[in-house]
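K.L.:
Okay, predicted coordinates and the sequence, questions at the end:
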Amino acid sequence: MNWEGLNSYLKRENKHLLGWQAVTISLFITGYAGYYLCRSNLSVAMPFIISDMVRDGYEPDYAKVAMGTIASAGVLFYAIGKFISGGITDFLGGRVAFLTGMLGSVVFTILFALFGAVPIFTMAWMGNRLVQSMGWVAMVKISARWFSYSSYGTVMGIISLSWLVGDAASRAFMGWLLGMGVDWRGVFVVGAIILFGLFCVNYFLLKESPADIGEPEPASSPTNLFAEDGDSARPTDLLTLLRPFLRNRDFWFVCILSLGFTLLRETFNTWSPLYYTEAVGLNGADAASSSAYFPLLGAASVLIAGFASDRIGRGGRSLILFLGLISSAAGLLTLAWVDFGGSQVLPVAMVAAIAFVMIGPYSYLGGAMALDFGGKKGSATACGIIDGVGYLGGVLAGDTVARMSVAYGWDGAFGILASVAVLASIPALLMLLDEQRIVRRRLRRY
């Protein structure tokens, strides 16, 4: 056999596959970042929309709660969409779902900008979040077919830059537009135009699997809940798809963790610009730009956490999840109890620090862990259920947090959220104790 020729062939084929893997990751990062131009826009524009409502005769507190209700309705429909889109994506494929979410978001964002009544705002925002629920589960499904399980943590950490750096860049860009005198409706329209351009790029370049370029698919994680059947890309029926998840205790622990993490993350995503204007004293444009530090520090966190998880394996993730939530609770209590002496820098820095300890562990849940549970067959469903349960908690980040801030001020709201972080850490602690017992049993055998 000509071993030299075979070696040359394998190197050539690996370069071909690696090149397309890099293209796929690049399309994910830019495409899903584009989603955030049509998602973070509500948070960034919130102070300006509320000002318009007050000029139109609404009471300030009513306008604030009304916008919180719209945000909560959007998160609820996002959660519902996660449950639905996960299964749909496993049956139909990730490429179709990813493109559908992009195009639908463009349409609903334009509708939101064209009309000014609260009922239209609500319907357009609910529709937007519903179709956007397809985006992340689609990327998880495609990733299960493009990448080896040994690199799930690193790959999903890199892909998570799409919703972190993308969120930060979107907020900074929209803050710049507002600072240049563009009104909030113009910000919505510009975001929709850019997302449509990214849709066109993904339509022509995004591939469902390496098979579309003549390359073999890597194997699924050997720990997936479908065993050897996890290498099959299409489930046969809904019951067979759902049964392994419903019977697994660790899977439900991860869902509970997602609920707590998502409530905390969505609170900062939704309300940090308004917190910066009301409690810190920043103007609207500076508040929008400063809100970008939360996802930006989160981006550094997911890269570190993703790289670490591939080195320490699944067993160490529960420890990182537990420490992340406890550290988040400490940061929230600092925001609630510490007098920053009128400083505008320290509160923004503390919010960024919370992002650093929280977002990395959070990224495990609907990323590497969903891939570990679901394999190629059910990764989108695993992600959809985990994120769906999480966003049911995220619903509270809109209306409920708005009411807490009105009733108790931002200090009181942060104190309550600190207790949420402590309670959410319990499932992570239980998973950690289980893993330690397994390790001790293995050591006794030897």
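P.N.:
Yes, it's here. Because the structure is a prediction, the values reported are computed rather than measured. Numbering: from 1, shown residues only.
K.L.:
which other helices and strands contact whichever strand or helix holds residue 286?
P.N.:
Assigned by DSSP states H and E, residue 286 falls within helix 284-290. Other helices and strands packing on helix 284-290, by 3 or more C-beta pairs under 8 Å, 6 or more residues apart in numbering; DSSP states H and E, are helix 40-55, helix 161-179, helix 249-275. Placement of C-beta: from N, CA and C, glycine included.
K.L.:
Relative to residue 16, how far out is residue 254?
P.N.:
Separation of residue 254 from residue 16 (C-beta to C-beta, to the nearest Å): 35 Å.
K.L.:
Of the two, give the one with the bigger neighbour count.
P.N.:
residue 254 (29 against 14; other C-beta atoms under 10 Å).
K.L.:
right, and that one touches residue 362 too?
P.N.:
No - taking contacts as C-beta atoms under 8 Å, residue 254 lies outside contact range of residue 362: 11.1 Å.
K.L.:
Quick test: name the residue nearest the centre of the protein.
P.N.:
Closest residue to the average C-alpha location of the chain: residue 163 at 6.0 Å, with C-alpha atoms, centre = their mean.
K.L.:
hang on, isn't that residue packed against residue 136?
P.N.:
Yes - using C-beta under 8 Å, residue 163 is in contact with residue 136, at 7.5 Å.
K.L.:
which residues are in contact with both of these two?
P.N.:
residue 32 (C-beta atoms under 8 Å, 6 or more residues apart in numbering).
K.L.:
Would you indicate which residues of stretch 317-331 are buried?
P.N.:
Neighbour-count burial for stretch 317-331 flags 317-322, 324-329, 331 (criterion: 16 or more other C-beta atoms under 10 Å).
K.L.:
who's in contact with that stretch?
P.N.:
So stretch 317-331 is contacted by 257, 260-261, 264, 305, 308-309, 350, 353-354, 357-358, 360-362, 364, 368-369, 418-419, 421-422, 424-425, 428-429, 431-432, 435 (C-beta under 8 Å, 6+ apart).
K.L.:
repeat for stretch 165-180
P.N.:
By C-beta under 8 Å, 6+ apart, stretch 165-180 touches 29-30, 32-37, 39-41, 43-45, 48, 184, 186-187, 190-191, 269, 284-289, 291-296, 299.
K.L.:
hmm, back to that, which residues sit in contact with the residue nearest to the centre of the chain?
P.N.:
Residue 163 touches 32, 33, 35, 36, 136, 295, counting by C-beta under 8 Å, 6+ apart.
K.L.:
One more: residue 153?
P.N.:
So residue 153 contacts 305, 306, 307, 308, 309, 310, 364, 367, 368 (C-beta under 8 Å, 6+ apart).
K.L.:
try 10 Å this time
P.N.:
302, 305-314, 317, 363-364, 367-369, 371-372 (C-beta atoms under 10 Å, 6 or more residues apart in numbering).
K.L.:
pLDDT weak spots in the protein?
P.N.:
Residue ranges of the chain with pLDDT under 70: 1-13, 116, 313-315, 438-446.
K.L.:
and the longest helix for it?
P.N.:
Looking across the chain with DSSP state H, the single longest helix is helix 399-445.
K.L.:
Give me the buried subset of the contacts of stretch 165-180.
P.N.:
Buried subset of the contacts of stretch 165-180 (neighbour count, 16+ other C-beta under 10 Å): 29, 32-37, 39-41, 43-45, 48, 184, 187, 190-191, 269, 284-289, 291-296, 299.
K.L.:
can I get the helices and strands packed on helix 284-290 in CSV with distance to residue 24?
P.N.:
CSV is the format used below for the helices and strands packed on helix 284-290 (distance: least, C-beta to C-beta, whole Å):
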stretch, distance to residue 24
helix 40-55, 24
helix 161-179, 12
helix 249-275, 25
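K.L.:
Give me the distance between residue 434 and residue 253.
P.N.:
In terms of C-beta to C-beta, residue 434 sits 9 Å off from residue 253.
K.L.:
err, residue 399, not the other one
P.N.:
27 Å.
K.L.:
my read: residue 192 touches residue 104, true?
P.N.:
No - using C-beta atoms under 10 Å, residue 192 makes no contact with residue 104, being 11.2 Å away.
K.L.:
Counting neighbours, go ahead and name the busier of the two.
P.N.:
A direct count of neighbours by other C-beta under 10 Å for residue 192 and residue 104 places residue 192 higher, at 24 against 18.
K.L.:
what inclination does the helix or strand that contains that one have with respect to helix 40-55?
P.N.:
Secondary structure assignment for residue 192, by DSSP H and E: helix 184-205. For helix 184-205 against helix 40-55, the angle by axes from the mean of the first three to the mean of the last three C-alpha atoms, to 10 degrees is 160 degrees.
K.L.:
Contacts only, for the residue lying closest to residue 278 once chain neighbours are set aside.
P.N.:
With sequence-adjacent residues excluded and distances taken as C-beta to C-beta, 6 or more residues apart in numbering, residue 278 is closest to residue 410, at 7.1 Å. Neighbour list for residue 410: 271, 274, 275, 278, 279, 280, 335, 336, 347, 401, 404 [criterion: C-beta under 10 Å, 6+ apart].
K.L.:
now those in JSON lines, with distance to residue 153?
P.N.:
Below are the contacts of residue 410 laid out as JSON lines (distance: C-beta to C-beta, whole Å):
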{"residue": "271", "distance to residue 153": "30"}
{"residue": "274", "distance to residue 153": "34"}
{"residue": "275", "distance to residue 153": "32"}
{"residue": "278", "distance to residue 153": "38"}
{"residue": "279", "distance to residue 153": "36"}
{"residue": "280", "distance to residue 153": "35"}
{"residue": "335", "distance to residue 153": "30"}
{"residue": "336", "distance to residue 153": "33"}
{"residue": "347", "distance to residue 153": "32"}
{"residue": "401", "distance to residue 153": "31"}
{"residue": "404", "distance to residue 153": "35"}
